[in-house]
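Engineer: 3D, please:
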Amino acid sequence: MKDIKTKVFYNAKIFTADSQRAYADTMVVRNGKINWIGKKENLYQNDLDKEDLKGKRVLPGFIDAHMHALFLARDSNRIACMPPNVRSIKELQVELIERKMELNEGECIEGWGYDEGKLEEGRLPTKHDLDQAVLDFPVVITRSCRHIVAVNSKALELAGIDKTTKDPEGGEIDRDEKGEPTGILREDARELIAEIQTGSTILEDAELLAEYSSVLFKYGITTITDAYARSKPQDYFNIYQLAQEKGLKQRTILYYRWRDIKNEGDFQKEKTDKCKELHIGGIKIMADGSVGGKTAWMSSPYLGDKNNFGFAITNKKELLEAAVFAKKNNIQLVIHAMGERAIDLVVNTFYNQKELLGKSSLIRIEHAAMPTKQALKKAYELNLIFVSQPIFIYAEIETYLKNLGNDRTKKTYPFKTILTNNIQLAFSSDAPATTWPNPVNPFVSLKSAVTRKAYDGTDTGQKEKIDLETALQLYTSKAQQVVGIPKIGKLKEGYSADFMVLDRDIFTIDKEEIDKIQIEKTYMKGELVYKK
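Structural biologist: Here you go, the predicted model:
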């Protein structure tokens, strides 16, 4: 009698992401795991249920080591302030007027994804621009990087922000020549308007996440993260737990904002168990901001802004306190650091703390846009992990060129140099924190990494491009090493049968076409979870 939970997938071009055996054509899946993989002529059992994959390319399920799944789900109900939907401040104003007609009085109008580099006016929208569209409802528009918001006068009024309001620690309120707020709030100044934004219930968020699960499977993503989990006003663990009950199928790892939880005591051990479908993987600290928002902490000033080097959002004391907590709770300390000075702050803080770090991969540097040679050397000695996003320079090229210039842009995100220095690296999307309609799509990032060209063909640094096999591993097996969930990220005996079937062969098509690849089927634990 046949085992109904056993199935043979054959006649495939399987990339396993396993360095010991990178390719195969047949695999046997039993009870959700790879039972056998290799060449069909070596398969000793032939009386099993079979599926002919018709020579299609197969990849392991993608692991997005740094994204914001709840933001993605919520943004599906907000105004998308980017091309093709919005190309100018005038078009944004039209969208705001139309959205106002759909809302109840007093509700906050929210949008996401604008990038001044893609707006016809070439500047940030201010309260005056937003007021021209909506005066009686609060408006909050989040920049693509998620580090800056633009708000109207009503939002400032409701939040109590005026000429006398002081900049919060780690944040800035932009002001005009008279000292009046312009409506631009940077970094932690965004927290000042949090309470006026339209809240959502745990149930509403959970249902949004459950609905978004199918979108993630459309892109082959079987493991997700939330890299800015909050403990209040609603605890993200509770939201995601309910979301899984409602139909969210992806494994999920949460990284909590350190300043939210530092006074709340240790995490419960069962919540940090890496074998659980939902668990806490770490805590998150912001060391600086974004290149696009000109808040990343640089060693050289932004182009055309000679007094602006960005700024720090943390300090050595906070980093060390958080690291002690992370080690005690057996989780990671995840640190956002883009500019040279922010990265230097991290590596120099821990360089004399090798006893604290030990040999474990305790510290992650997220983005790592501009590491210096010295920082790379120290990062290797400290066994630090880098998690980076190739989509940034692909999607945001206009703003990078404007803020950094051509030469500096080409030196950002030095993937090949990072790998040459033997630093552990993983790729991710940081979605939705970039200016792209489908920022979670891994094939866009893969194309960027192997071509080092932006979406418009601009050279983003040919010396730093990497080969396709390596890029795929950075989204699968290498990403697994970073997030630490056992037995995923490879198609190998004993590993979870998470894989996708592509509509074309990523290894044979022109590299310029990689972003056009679509997924025909996605399987998780051997079960079909998406079909085109």
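
Engineer: residue boundaries of the strands in the stretch 1-150 of the chain?
Structural biologist: 6-10, 13-15, 23-24, 26-30, 33-38, 49-52, 57-60, 62-63, 79-80, 109-114, 139-143, 148-151 (DSSP state E, counting those that start in this stretch).

Engineer: deepest in the core, which of these is it.
Structural biologist: Stretch with highest mean neighbour count among these: strand 62-63 (a mean of 31; mean count of other C-beta atoms under 10 Å). No exception for glycine: its C-beta is placed from N, CA and C like everyone else's.

Engineer: now that strand: average pLDDT?
Structural biologist: Mean pLDDT, computed over strand 62-63, is 98.

Engineer: residues contacting it, please?
Structural biologist: By C-beta atoms under 8 Å, 6 or more residues apart in numbering, the surrounding residues in contact with strand 62-63 are 219-223, 426, 442, 475-476, 479-480, 483, 485, 488-489, 500.

Engineer: show me the residues you listed that map onto strands.
Structural biologist: 221-223, 426, 500 (DSSP state E).

Engineer: reformat the strands of the stretch 1-150 of the chain as CSV; add distance to residue 404.
Structural biologist: Listed next are the strands of the stretch 1-150 of the chain as CSV, based on distance: least, C-beta to C-beta, whole Å:
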stretch, distance to residue 404
strand 6-10, 46
strand 13-15, 35
strand 23-24, 40
strand 26-30, 45
strand 33-38, 44
strand 49-52, 49
strand 57-60, 33
strand 62-63, 29
strand 79-80, 26
strand 109-114, 20
strand 139-143, 17
strand 148-151, 17
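
Engineer: the ones you listed: which one's closest to residue 210?
Structural biologist: strand 62-63 (19.5 Å; C-beta to C-beta).

Engineer: how far does that closest one sit from the chain's center?
Structural biologist: 12 Å (C-alpha atoms, centre = their mean, to the nearest Å).

Engineer: quick check: pLDDT value at the residue nearest the centre of the chain.
Structural biologist: Of all residues in the chain, the one closest to the mean position by C-alpha atoms, centre = their mean is residue 430, 1.6 Å from it. Listed pLDDT for residue 430 reads 97.

Engineer: for it, pull up the helix or strand it's in.
Structural biologist: For residue 430, there is no host helix or strand (DSSP states H and E).

Engineer: residues near residue 463, how many?
Structural biologist: Using other C-beta atoms under 10 Å, residue 463 has 10 neighbouring residues.

Engineer: that one and residue 415 touch, don't they?
Structural biologist: No. In this structure, residue 463 is not within contact of residue 415 by C-beta atoms under 8 Å, at 10.1 Å.

Engineer: what do those two both touch?
Structural biologist: Shared contacts of residue 463 and residue 415 (C-beta under 8 Å, 6+ apart): none.

Engineer: give me the domain ranges for the chain.
Structural biologist: The chain is divided into the following domains under automatic domain parsing: 6-60+494-531, 73-196.

Engineer: what distance separates the start and the end of stretch 272-286?
Structural biologist: 22 Å (C-alpha to C-alpha, to the nearest Å).

Engineer: and residue 451, what's its pLDDT?
Structural biologist: 98.

Engineer: hang on, isn't it packed against residue 465?
Structural biologist: Yes. Assessed by C-beta under 8 Å, residue 451 is found in contact with residue 465 at 6.4 Å.

Engineer: so, low pLDDT: which residues of the chain?
Structural biologist: For the chain, residues meeting the criterion pLDDT under 70 lie at 1-4, 44-47.
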